[in-house]
Every structure is written in C-alpha cells, then in structure tokens.
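> what follows is a predicted structure for the sequence shown.
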Amino acid sequence: MLALDSLSKHFGGVRAVDGISLTLKEGEIFGLIGPNGSGKSTTINLITGLYTPTTGTVRLDGRDLTAMAQHERTAMGVARTFQNIRLFGNLTVAENLWVAQNGHEQRRAHFLGRWFRAGGEHSPEIGELLKFSRLHSKRDVQASALSFGEMRRLEMARALASRPRVLLLDEPAAGASREDGQILAERIRETRDRGVTVLLIEHMMELVMGISDRVAVLNFGRKIAEGSPAEVQANADVRAAYLGSKHKDEELIHA
Ligand SMILES: Nc1ncnc2c1ncn2[C@@H]1O[C@H](COP(=O)(O)OP(=O)(O)OP(=O)(O)O)[C@@H](O)[C@H]1O
C-alpha cells in the first residue's frame, strides 16, 4: 500500500537517506530499525512531506504523494507521531483529539479548542479514542499536565483521530518502562486490527521484534536487510551495524 521507491534525502554532503525502496503491505506492522543517525526519522519526514526528497517517490495505493503538501497527505490517510512529543499543551486531552480529527492547524487550534470546551461537538469517536488510550478520566485535563506516558498515549490517539490508513510511529517507546512498552505493543496491535497499517521506528528491540510482521534495517541511509524479525536478527550485516552503536548488538540478539 505504501511504497517508497529509490528515496534519497541529502543535507549538503550528508546522505541521510540514500536510495531506499520499501513496500508496506496493507494491514501489517512494519518495523524500521537501525543505529542512531541511520536515516529512520528522515524517512518518516519524507513520507509525511516535512522534507522534500532529493530523489525518489512516495506512493500510497499507487497515488504519487511526493509533490503533495503535508495536509494533503494527512487527508490521503497518512498520520504520524513525533519522537519529541508535540501536543497542544494549553488544550485539554479531548480538545487535542477534536482538533486532530477536524484537521485544524496549530494557529487555529487554540481558538477552536476554546469553542469545543464551550460546548461544541462531542463525537462518539473521540469517546472511543479516549477509551482506547486509557485517557477517559483525563479528558478535561490540560495536555501539559499529563504524565509522560499519558502524553505518549495522547500523541498516538491524536494521530488516529485523523482516521489514517497508515500510521507512522517515531520511537513511541522512547523513555518508556518495559511495562509501558508492553501496553504500547497491545495498542499497536489493536490499531493494526482496526485496519491501520503501521510503520514502527523503535529502539526497544523487544517491542519491535515482538510485534512486527516484517522489519527493515537502515545503516548510513541505506537499507541493509529486510525480512521477518528472526531473519533480521540472524543477519550478519545487521549485527555488524549494531556492534559499537549505542543500541548494542546484545539488545538485538536477545530481543
Ligand atoms: N535537517 C537536517 N539537516 C542536516 N542533517 C540532518 C537533518 N536531519 C537529519 N540529518 C542527518 O541525517 C542523518 C540521519 O538522521 P535521522 O534523524 O534520520 O536518523 P535516525 O535513524 O532517525 O536517528 P535516531 O535513531 O538517533 O533518531 C544524521 O546524520 C543526521 O545528523
């Protein structure tokens, strides 16, 4: 469904992404891993349109998204979370979801959020998302007052509020405990079971190897391996790439 073809992004002399081709199948969880600086976040930024590729194309169900603006890609069904959480801290949990559901940009979010609070729309879908993310008791709490784990859950719920076909998760378990990682794994599986295809960037190997149908590995902007979690873990190039990186070889092997 989502197809990247010979995608590259160069920043001056840095080849952050260097000719990556990948195809995600409808309804799968696809893990994208690699040592620090290997090009994972840049790949997501190319898919969402935050960056324009130096070469290559991004297609969704055969439609070329490469020249589309970010909001057009959102409308086509592409949603993401960020490595560094980006919520509207001055809006409540429910308002954050409502704003995302209605596709409003940041500059209008504040005003619209107030309108929502004053008795605007309360959609059943928002209620469902609050339940899904275990945030129903926090619906009227300002996002800035949430715990870190709750913020991460709200980020994912917010991405789902735009009713995506493909969800791009950029290190959703960063800073999370092992237990939080397990809860997150359940949420990701549930998301897939609802028909959303998932691209998961993650350093927590136990999580990514445990839930991905397929995994691709980047190193220096290039894809060095692709296959089932077991195939990737057994791959000599992959083990070599992880040796000496911050995310150790051992983590990969013992996941
Ligand atoms: N806007 C930018 N300008 C210049 N260089 C960049 C930019 N964004 C990324 N890079 C460089 O591109 C390379 C890939 O970065 P990227 O953030 O995609 O890696 P990553 O695999 O997501 O890393 P991490 O696991 O640490 O998040 C790095 O060398 C990075 O310094």
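Looks like it arrived, so ask away.
> can you pull out the low-pLDDT segments for the stretch 51-200 of the chain?
For the stretch 51-200 of the chain, the stretches with pLDDT under 70 are 103-122.
> what are the boundaries of the helices in it?
Applying DSSP state H, counting those that start in this stretch to the stretch 51-200 of the chain gives helices spanning 70-76, 93-101, 106-117, 124-132, 148-161, 178-193.
> now, of these, which is deepest in the fold?
Highest mean neighbour count among those (mean count of other C-beta atoms under 10 Å): helix 93-101, with a mean of 25. (Each C-beta comes from the backbone N, C-alpha and C, glycine too.)
> got the angle between that one and helix 148-161?
Inter-element angle recorded for helix 93-101 and helix 148-161: 30 degrees (by axes from the mean of the first three to the mean of the last three C-alpha atoms, to 10 degrees).
> helix 93-101 vs helix 124-132, what angle?
Going by the same axes, to 10 degrees, helix 93-101 makes 120 degrees with helix 124-132.
> same for helix 93-101, what does it pack against?
Judged by 3 or more C-beta pairs under 8 Å, 6 or more residues apart in numbering; DSSP states H and E, helix 93-101 is in contact with helix 106-117, helix 124-132, helix 148-161.
> mind listing what's buried along stretch 210-221?
Neighbour counts over stretch 210-221 (16 or more other C-beta atoms under 10 Å) mark Gly210, Ile211, Ser212, Arg214, Val215, Ala216, Val217, Leu218, Asn219, Phe220, Gly221 as buried.
> list the contacts for the closest residue to the ligand within the stretch 51-200 of the chain?
Across the stretch 51-200 of the chain, the shortest distance to the ligand (C-beta to the nearest ligand atom) belongs to Gln83, at 6.1 Å. If you count contacts by C-beta atoms under 8 Å, 6 or more residues apart in numbering, Gln83 has them with Ser41, Asp170, Glu171, Ala174.
> tell me, which of those residues make contact with the ligand?
Residues of those in contact with the ligand (C-beta under 6 Å from any ligand atom): Ser41.
> columns neighbour count on top of the contacts of Gln83, output as JSON lines?
Formatted as JSON lines, the contacts of Gln83 follow (neighbours: other C-beta atoms under 10 Å):
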{"residue": "Ser41", "neighbour count": "20"}
{"residue": "Asp170", "neighbour count": "22"}
{"residue": "Glu171", "neighbour count": "20"}
{"residue": "Ala174", "neighbour count": "15"}
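> may I see the contacts of Gln83 arranged in TSV, with distance to Gln70 as well?
Converted to TSV, the contacts of Gln83 look like this (distance: C-beta to C-beta, whole Å):
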residue	distance to Gln70
Ser41	15
Asp170	15
Glu171	20
Ala174	22
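> closest to Ala67 out of the contacts of Gln83?
Ser41 (21.5 Å; C-beta to C-beta).
> next, the closest one: secondary structure please.
helix (DSSP: H, G, I helix; E, B strand; the rest coil).
> quick one: it from Val166, how far?
Counting by C-beta to C-beta, to the nearest Å, the gap from Ser41 to Val166 is 16 Å.
> from what I see, Arg158 and Asn96 are in contact.
Yes: the criterion here is C-beta atoms under 8 Å, and Arg158 meets it with Asn96 at 5.5 Å.
> need the residues touching each of those two.
Leu87.
> list the buried ones in stretch 133-147?
So, applying 16+ other C-beta under 10 Å, buried residues of stretch 133-147: Ser133, Leu135, Lys138, Gln142, Ala143, Leu146.
> tell me the contacts of the second one?
Neighbour list for Leu135: Val93, Glu150, Arg153, Leu154, Ala157 [criterion: C-beta under 8 Å, 6+ apart].
> output the residues you listed as a markdown table; include the columns distance to Met205.
Listed next are the contacts of Leu135 as a markdown table, based on distance: C-beta to C-beta, whole Å:
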| residue | distance to Met205 |
| --- | --- |
| Val93 | 31 |
| Glu150 | 25 |
| Arg153 | 22 |
| Leu154 | 25 |
| Ala157 | 25 |
